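K.L.:
Got a sequence here, can you build the structure:
(chains A and B)
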Amino acid sequence: MGKQPVIAWLLIMALVVPPHFVSASAAARPGRGDGRVICGERLINGGFEQGSLGWSQSSAAGHDLISDFYPRSGAWAAYLAGTNNADDRLSQTITLPANAISSILTAWWAIATEEPEVGFDRLTASVLNADGELLADLWTADSSAMVNVWAPIEADLLAYRGRTVILRLRAITDASNPTDFYVDDVSLLVCAPMQVVYLPMMTLAR
Amino acid sequence: MKQHVRVKWYCLFVVALLTALVGVPSQSAQAQSAARPEIRFAGVIRVVPAAPDYPLGVWQVAGQEVIVDAGTRLQPRSATAAVGMWANVTARRAADGALIAQHLVVMPAEIRIKGPIGARPTEGNVGEWMIAGQKVTVNADTRISQRGAALEVGNWAEVFADKTADGLLALRLRGIEYQEDVEVFGVIESFGASGWVVSGISLTVVTDTLILGAPAVDLLVQASAALQEDGTLLALRLKVAAHTPEGLRQPVSFDGVVESLPERGLIGQWVVSGREVIVSAATVVNQAKGLAVVGSQVHAVGWQADDRVIAVLIVVLESPTPGGRFVRFRGPIEQLPEGGLIGDWQVAGRTVRVTENTRVASTRYAKVGAIAEVGGMQAADGVVTAVWVKIAPQFGPR
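P.N.:
The predicted structure follows:
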């Protein structure tokens, strides 16, 4: 056996990179497995710079919810409500990898309103299942907020790893004194261990 | 064995003693810190710490030095504040008198005005506009939204503007519903018994003007005003963005149920959940969600004066009166009641019921053919119980 040509198996580490994982700078952080973690953006067009790409929208009043009226960065942002009896929704389907070790949703929001210091009108970020049933409300803002100040949102979506879910932004106003809700720079940064794959290699016998 | 137990007890005693010496004062300090009232104000940033220390160090906001340390929650963290921007500060006073910022929100220096459009370019949006009696320049970079209302002369708009050497330059302009009062949000540049200047906009002050908070140059203020026939603004309410625990006119806000109202009209003494609330002609009584009657649930904002509250704003949250929807419209007065203003009016084809609780502005212009703006609750039968009526020429094209 010792004189037999050695059949060697060459170990090759190959990185299997999930879709949209493009953040090289965020990679190579200590984690599980071989000790490396890669992080990447899971949302498409979170800054709305490519119009409605990646997002589905519905508006009770028929408004286009992607607007250049008040972007936080770039030239476009989401602009929900702004009329009485508004029910405006923007949503995007996302799949969170089963091996995710963190999954953080961030976004920025601001308002302009005619409401008098009371939170009658609301903007809610929610997670729905693939059938559109509500799983959880992540965060809610209302018309009592400070006008014209971009404020951050942060929510943990790790509970939904391994699932395909819908992220939804929904603005509802009542019958008087409308509120504009602006949202921009939405991001879902997911981190997962790099996967190590052992590939068999043929070695020629002498 | 006995010696071992003795050593154990000795160790426990030492630990307890150390805890008492170190832990108790610490808890006490925390308790004192928690009990120490907050100071809140908003104004112009005049000094910002330079890099590389930024944001840590001494800031100057509205003439006050504020220390930003590692414990300060700064918003937003992603952008660098610059001199001339605005900041909203929540701070506590340290034992040595220094103000330690707990929360500091940096805001763009954007003046906000809500008011009627008196004039606008005839073609396109670029050019000079008159909004709430103020000249506002709209250029090609100004963002426009007509989602809330069309930007036509006579309609209302909200403008977010920069103050430049040439006047107000609109950054964003959006159409809004008719409002009862003009609003201006900006920086106090000067103030006196007869007039204030807010971001270059002059406001006439009279004895009836409600002033909430102590004014100072560089503080922000939200002004509610009436646009006068000559284009000037008469201040109704001035809400200064400053609250110091030791200051006069401590602000107060609470929710409650209206237990009694004045015999006639809304002006006078209310009782809201056992508290006396004084409502004057300058108090905003927002009835967009329901009419103010006994049993209404309200949110009240004002200041404490002895055992009474002087109300600046009352918002009806819920009302036991039959439902309806709040409507706002504008049109010609077609009919007036005989012998006074109380009764049913016809405005733009609708029946408008004016009661003792209705605020009627510019009553001297009330005549058939005049243009009126109406805000009120429309019942199922179409009759509008007016909350406010404004009659030209207080607004619109002249």
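K.L.:
Residue A:56 pairs with what?
P.N.:
Beta-bridge pairing of residue A:56 under DSSP bridges involves residue A:91.
K.L.:
How about the contacts made by the most centrally placed residue in chain A?
P.N.:
When Cα atoms, centre = their mean is applied to chain A, the residue found nearest the centroid is residue A:188 (3.1 Å). Applying Cβ atoms under 8 Å, 6 or more residues apart in numbering or on different chains to residue A:188 gives the contacts A:41-43, A:46, A:94, A:103-106, A:157, A:167. (Glycine included, C-beta is placed from N, CA and C.)
K.L.:
Close to chain A: what parts of the stretch 201-350 of chain B are there?
P.N.:
Within the stretch 201-350 of chain B, the positions near chain A by Cβ under 8 Å from any Cβ of the partner chain are B:284, B:286, B:288-289, B:299, B:301, B:313, B:315, B:317, B:325-326.
K.L.:
Which ChimeraX command selects the buried ones in those?
P.N.:
To isolate the buried members of these in ChimeraX, using 16 or more other Cβ atoms under 10 Å in any protein chain shown:
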select /B:284,286,288,289,299,301,313,315,317,326
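K.L.:
and the two most separated of the residues of the stretch 201-350 of chain B next to chain A?
P.N.:
B:301 and B:325 (24.8 Å; Cβ to Cβ).
K.L.:
What about residue B:119, how many residues nearby?
P.N.:
When counting by other Cβ atoms under 10 Å in any protein chain shown, one arrives at 15 neighbours for residue B:119.
K.L.:
Next, the closest residue to it other than its chain neighbours: phi, psi?
P.N.:
Excluding the flanking residues, the one nearest residue B:119 by Cβ to Cβ, 6 or more residues apart in numbering or on different chains is residue B:130, at 4.1 Å. For residue B:130, the backbone dihedrals (degrees, to the nearest 10) come out as phi -120, psi 120.
K.L.:
repeat for the one 10 residues further on
P.N.:
Residue B:140 adopts backbone torsions of phi -70, psi -20, taken as degrees, to the nearest 10.
K.L.:
do residue B:265 as well
P.N.:
Per degrees, to the nearest 10, the backbone of residue B:265 is at phi 70, psi -170.
K.L.:
what's the answer for the one 4 residues further on, then?
P.N.:
Here the main-chain torsion angles of residue B:269 (degrees, to the nearest 10) amount to phi -100, psi 130.
K.L.:
surely residue A:44 meets residue A:52?
P.N.:
No: using Cβ atoms under 8 Å as the test, residue A:44 is too far from residue A:52 to be in contact (10.5 Å).
K.L.:
Now list whatever residues contact both of those two.
P.N.:
Joint contacts of residue A:44 and residue A:52 (Cβ under 8 Å, 6+ apart) do not exist.
K.L.:
Show me what from chain A comes close to chain B.
P.N.:
Counting by Cβ under 8 Å from any Cβ, chain A sits next to chain B at A:61, A:63, A:67-70, A:79, A:82-83, A:108, A:112, A:114, A:116-118, A:120, A:146-152, A:174-178, A:180.
K.L.:
so of those, which ones are in strands?
P.N.:
Within the residues of chain A next to chain B, residues falling in strands by DSSP state E are A:67, A:79, A:108, A:112, A:151-152, A:180.
K.L.:
circling back: only the C-alpha atoms, please, for whichever helix or strand the residue nearest to the centre of chain A is part of, written as CSV.
P.N.:
Element membership of residue A:188 [criterion: DSSP states H and E] is strand A:179-193. Only the C-alpha atoms of strand A:179-193 are listed here, as CSV (Å, rounded to 0.1, in the frame of the first residue of the first chain):
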residue,chain,number,x,y,z
THR,A,179,-48.9,63.6,7.5
ASP,A,180,-46.1,62.9,5.0
PHE,A,181,-43.9,60.0,6.0
TYR,A,182,-40.5,59.9,4.2
VAL,A,183,-38.2,56.8,4.4
ASP,A,184,-34.7,56.5,2.9
ASP,A,185,-31.5,54.4,3.0
VAL,A,186,-33.2,51.1,4.0
SER,A,187,-30.7,48.3,4.6
LEU,A,188,-30.8,44.8,5.7
LEU,A,189,-27.3,43.7,6.6
VAL,A,190,-27.0,39.9,7.1
CYS,A,191,-23.8,38.2,8.4
ALA,A,192,-23.2,34.5,8.0
PRO,A,193,-20.2,32.2,8.5
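K.L.:
Select only the buried ones of the residues of chain A next to chain B in PyMOL?
P.N.:
Restricted to buried positions by 16+ other Cβ under 10 Å, the PyMOL selection for the residues of chain A next to chain B reads:
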select buried, chain A and resi 63+67+69+70+79+82+83+108+112+114+116+117+118+120+147+148+149+150+174+176+177+178+180
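K.L.:
which of the ones in strands among the residues of chain A next to chain B lies closest to residue B:198?
P.N.:
residue A:112 (19.0 Å).
K.L.:
Pull the contacting residues for that closest one.
P.N.:
By Cβ under 8 Å, 6+ apart, the neighbours of residue A:112 are A:70, A:147-148, A:179-180, A:182, B:158, B:160, B:174.
K.L.:
Which pair of those residues spans the longest distance?
P.N.:
A:179 and B:160 (15.2 Å).
K.L.:
the more surrounded of these two?
P.N.:
Each of residue A:179 and residue B:160 has its neighbours counted (other Cβ under 10 Å); residue A:179 has more, 31 against 22.
K.L.:
wouldn't that one be in contact with residue A:145 here?
P.N.:
No: the criterion here is Cβ under 8 Å, and residue A:179 misses it with residue A:145 at 9.2 Å.
K.L.:
What helix or strand is residue B:385 located in?
P.N.:
strand B:384-391.
K.L.:
average pLDDT for that strand?
P.N.:
In this model, strand B:384-391 carries a mean pLDDT of 91.
K.L.:
For that strand, which helices and strands make contact with it?
P.N.:
strand B:325-335, strand B:343-347, strand B:350-354, strand B:359-361, strand B:371-378 (3 or more Cβ pairs under 8 Å, 6 or more residues apart in numbering or on different chains; DSSP states H and E).
K.L.:
So residue B:341 sits against residue B:360, correct?
P.N.:
Yes: counting by Cβ under 8 Å, residue B:360 is a contact partner of residue B:341 at 5.8 Å.
K.L.:
what do residue A:179 and residue A:145 both touch?
P.N.:
In contact with both residue A:179 and residue A:145: residue A:111, using Cβ under 8 Å, 6+ apart.
K.L.:
From what I see, residue B:55 and residue B:74 are in contact.
P.N.:
Yes: using Cβ under 8 Å, residue B:55 is in contact with residue B:74, at 5.4 Å.
K.L.:
Go through the host helix or strand of residue A:171 and flag the buried ones.
P.N.:
Using DSSP H and E, the element containing residue A:171 is strand A:164-172. Along strand A:164-172, these residues count as buried under the neighbour rule (16+ other Cβ under 10 Å): A:165-172.
K.L.:
still on that earlier bit, what is in contact with residue B:55 and residue B:74 at once?
P.N.:
B:68, B:104.
K.L.:
returning to what we had before: looking at the ones in strands among the residues of chain A next to chain B, which one is closest to residue B:266?
P.N.:
residue A:112 (28.4 Å).
K.L.:
So what pairs up with that closest one in the strands?
P.N.:
Under the criterion used here (DSSP bridges), residue A:112 is bridged to residue A:180.
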